[in-house]
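**Student:** just coords:
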């Protein structure tokens, strides 16, 4: 797992990833497509994904 960091903007811990899974289509979305280096993904979102 990546380094966990605290984000004051979101008020929670999370990780930065170059991709994320779109909840509607279940396809990988790459941050580079949107002009970003990485997405901030809250740890709580990662835990809910692993439970399913």
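**Tutor:** Nice, I can see it. In this text the structure is predicted, and so the values were computed from the model without any measurement.

**Student:** And for the closest residue in space to residue 42 that isn't next to it in sequence, the neighbour number?
**Tutor:** Spatial nearest neighbour of residue 42, excluding adjacent residues (CB to CB, 6 or more residues apart in numbering): residue 14 at 4.3 Å. All C-beta atoms are positioned from the backbone trio N, CA, C, and that covers glycine. Using other CB atoms under 10 Å, residue 14 has 19 other residues around it.

**Student:** swap in the one 3 residues further on?
**Tutor:** Residue 17 has 15 neighbours, counted by other CB under 10 Å.

**Student:** Now for it: which residues touch it?
**Tutor:** 2, 31, 38-39, 41 (CB atoms under 8 Å, 6 or more residues apart in numbering).

**Student:** cool, and residue 28?
**Tutor:** For residue 28, the contacting residues are 19-22, by CB under 8 Å, 6+ apart.

**Student:** Need the pLDDT of residue 29.
**Tutor:** We have a pLDDT of 95 for residue 29.

**Student:** follow-up on the earlier one: so which of the contacts of residue 28 belong to strands?
**Tutor:** Using DSSP state E, the subset of the contacts of residue 28 located in strands is 19-21.

**Student:** For those residues, pick the one with the most neighbours.
**Tutor:** residue 20 (16 neighbours).

**Student:** And the pLDDT at that one?
**Tutor:** Confidence score, pLDDT, at residue 20: 91.

**Student:** what's the answer for the one 3 residues further on, then?
**Tutor:** The predicted local confidence for residue 23 comes out at a pLDDT of 88.

**Student:** if we can go back for a sec, may I see the ones in strands among the contacts of residue 28 organised as CSV, with distance to residue 6 added?
**Tutor:** Below are these laid out as CSV (distance: CB to CB, whole Å):
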residue, distance to residue 6
19, 22
20, 19
21, 23
